[in-house]
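Enquirer: All I have is the shape, not the residue letters:
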């Protein structure tokens, strides 16, 4: 119950910030553009996708049209993910440090709330706001593509959950550094650097970091790290495959769930030991 | 059962990069606060007053010692359902209105949802913020924020109220109103634990007072005990005092001074005081009053701190 109150409070807190309105604004602009641009034409040779009235694909069968629409949606979702990383992390990274600031944390912790509940409530509140942003964009685009192309791709709707899940995994890292440093800037930088310098290189280690050394120990360490941290790029790529109607592995999602859980538990443990 | 009990409570903060620099914020602090009292903790800045409250509320963990609230040994999350806290430098979410702040922290404090609406109305009226309830708190003055803080601390109808500098930034009229609220709460059986620099106010409302300095407890007692100035008595008389009586009295008391129609007699015992009275009456001096001379709480506090500094 108190966690729900904290979640609602965090949603309200983020609603008062401008950053996430920028993300929602960009989503709206893209949706308007999609509404104006995307369409489908029926020709004697089959269906074609149009872009601003111009034919953007050769005439295809209805089944192929579904594949094309899926790829189009995957492209949009990929762009959305970038927006979430930039605006989502920037917009929400301050939630934990703000809650732990002197004068605020005293108010929270003088209530009958365990510290892990405070952390979880704030974490889930931030993730909920990002989910609302994602569902707005994905849902809007799903309706537009459905109405204008005639393809109602349920997998695209499912991707809203997957992308939220990817963000939640990344946000566990941001939360950890937020607890550790109580500083929004450090939490943002750590989250982005994790993505660029840790998650990305580890994901593509077989074509990158492996080339530095052939040592089994070295590669074992890399593999160990890969399976220790949330696998953001693998999950994002998996989501795109699912939208496009292709197979995706469940392993990165399961491993990231465990990994993010451990990172959050570690954050709660650090928070529990802290004096305010 | 005591409302608050601490036994040998100590807190050492470790600072620096390698946490090697130790700062003793509280040392072997033991105290007992009975239910229904207004208890004030006094001390200069850095004396350890806020640290003590923070340990009771589990915002900081003790290095050693134990504490309990309403008989429940700390740390205990559930005990905080019975506690209200107004921190010294509170920061409320600026995007919320006064009304929303109370609802939010009321829910977090465990107040029943059905009761929150009514309680918000009552408390906003009590602290004089009813007309500002829909204004965002970022526009509130310092005094208004203190009033809101007090209302927030009362949202879950606590049995114990911890107030850290509750009248900070509040105007004299507001301070009086807050004092009245505290007295009313006391009458309703609430225990109030007060940290304040405003000693004149503490003196007006407190039942018992403790003085802390550099983390050590110097003295605990009632306000009367704290402000008593030794065994000096002021005896009011009508008319003038014959010189012979003055000489006779000075022969057995520690000191005797005359100021208008007041005699200040420094006696070692009450027997000596009675001897002075007998002497006055035997010489037909009309006595109008006998009162024990007192210092203000501020004078007593400064004297105690100065004495500690000399040692």
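Expert: On my side now, so go ahead. Values in this document were obtained by computation on a predicted structure and should not be read as measured data. Numbers count the residues shown, from 1 in each chain, chains lettered A, B, ... in the order given.
Enquirer: For burial, what's the neighbour tally of residue A:183?
Expert: Using other Cβ atoms under 10 Å in any protein chain shown as the criterion, residue A:183 is surrounded by 16 other residues. (Each C-beta comes from the backbone N, C-alpha and C, glycine too.)
Enquirer: For it, which non-adjacent residue is spatially closest?
Expert: When the adjacent residues along the chain are set aside, residue A:183 lies closest to residue A:97, with 5.7 Å between them (Cβ to Cβ, 6 or more residues apart in numbering or on different chains).
Enquirer: where in the chain is pLDDT low?
Expert: Going with chain A. For chain A, applying pLDDT under 70 flags no range at all.
Enquirer: That was the other one, I meant chain B.
Expert: B:229-230.
Enquirer: Around chain B, pick out the residues from chain A.
Expert: A:2, A:5-6, A:9, A:12-13, A:16, A:101-114, A:273, A:275-276 (Cβ under 8 Å from any Cβ of the partner chain).
Enquirer: In ChimeraX, how would I select the buried members of those?
Expert: Selection of the buried residues among the residues of chain A next to chain B in ChimeraX, burial being defined by 16 or more other Cβ atoms under 10 Å in any protein chain shown:
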select /A:2,5,6,9,12,13,104,105,106,107,108,109,110,111,112,113,114,276
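Enquirer: among the residues of chain A next to chain B, which are in helices?
Expert: Cross-referencing these against helices under DSSP state H gives A:2, A:5, A:6, A:9, A:12, A:13, A:105, A:106, A:107, A:108, A:109, A:273.
Enquirer: Once you drop chain neighbours, what's closest to the most centrally placed residue in chain A?
Expert: The C-alpha lying nearest the average C-alpha coordinate of chain A belongs to residue A:167 (Cα atoms, centre = their mean; 2.8 Å). Of all residues not flanking residue A:167 in the chain, residue A:130 sits nearest, at 5.0 Å (Cβ to Cβ, 6+ apart).
Enquirer: Ok, residue A:10 next?
Expert: residue A:125 (2.3 Å).
Enquirer: and the one you found, how many residues sit next to it?
Expert: Counted with other Cβ under 10 Å, residue A:125 comes out at 24.
Enquirer: How about the contacts made by the residue nearest to the centre of chain A?
Expert: If you count contacts by Cβ atoms under 8 Å, 6 or more residues apart in numbering or on different chains, residue A:167 has them with A:84, A:85, A:88, A:127, A:130, A:134.
Enquirer: In three-state terms, label it for me.
Expert: The local conformation at residue A:167, judged by DSSP: H, G, I helix; E, B strand; the rest coil, is helix.
Enquirer: how close does the residue nearest to residue B:47 when sequence neighbours are not counted sit to residue B:49?
Expert: Sequence neighbours aside, residue B:212 is the residue nearest to residue B:47 in space, at 4.3 Å (criterion: Cβ to Cβ, 6+ apart). As judged by Cβ to Cβ, to the nearest Å, residue B:212 and residue B:49 stand 6 Å apart.
Enquirer: any common contacting residues for those two?
Expert: Counting by Cβ under 8 Å, 6+ apart, the contacts common to residue B:212 and residue B:49 are B:41, B:42, B:43.
Enquirer: Any idea how many residues pack against the second one?
Expert: Look at residue B:42: counted by other Cβ under 10 Å, it has 27 neighbours.
Enquirer: Pull out the buried residues from stretch B:80-90.
Expert: B:80, B:81, B:82, B:83, B:84, B:85, B:86, B:87, B:88, B:90.
Enquirer: Filter the contacts of residue A:167 down to the ones in strands?
Expert: Taking DSSP state E, every one of these sits outside strands.
Enquirer: Same list, these, but as a markdown table with neighbour count please.
Expert: Below are the contacts of residue A:167 laid out as a markdown table (neighbours: other Cβ atoms under 10 Å in any protein chain shown):
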| residue | neighbour count |
| --- | --- |
| A:84 | 24 |
| A:85 | 19 |
| A:88 | 27 |
| A:127 | 22 |
| A:130 | 25 |
| A:134 | 26 |
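Enquirer: Of these, which pair is most distant in space?
Expert: A:85 and A:127 (13.9 Å; Cβ to Cβ).
Enquirer: neighbours around the residue nearest to residue A:183, how many?
Expert: 19.
Enquirer: repeat for residue B:233
Expert: Neighbours of residue B:233 using other Cβ under 10 Å come to 22.
Enquirer: what's the burial count for residue B:137?
Expert: Neighbours of residue B:137 (other Cβ under 10 Å): 21.
Enquirer: My read is that it contacts residue B:98, right?
Expert: Yes. Between residue B:137 and residue B:98 there is a contact under Cβ atoms under 8 Å: 5.9 Å.
Enquirer: How much space separates the residue in chain A sticking out farthest from the centre from residue A:59?
Expert: What lies farthest from the middle of chain A is residue A:44; by Cα atoms, centre = their mean that is 41.5 Å. Going from residue A:44 to residue A:59 by Cβ to Cβ gives 8 Å.
Enquirer: Please name the residues that touch residue A:39.
Expert: By Cβ under 8 Å, 6+ apart, the residues touching residue A:39 are A:49, A:50, A:51, A:53, A:148, A:149.
Enquirer: I'd like to know which of these are part of helices.
Expert: Mapping the contacts of residue A:39 onto helices (DSSP H) picks out A:148, A:149.
Enquirer: Which residues of chain B lie near chain A?
Expert: B:13, B:54, B:57-61, B:77-81, B:83-85, B:87, B:89-93, B:95-96, B:104-105, B:107-110, B:152, B:162.
Enquirer: what about residue B:289, which helix or strand?
Expert: Following DSSP states H and E, one finds residue B:289 within strand B:286-294.
Enquirer: what's the neighbour count on the nearest residue to residue A:108 once chain neighbours are set aside?
Expert: With Cβ to Cβ, 6+ apart as the criterion, residue A:108 has its nearest non-adjacent residue at 5.4 Å, and that residue is residue A:118. Residues lying near residue A:118 (other Cβ under 10 Å) number 23.
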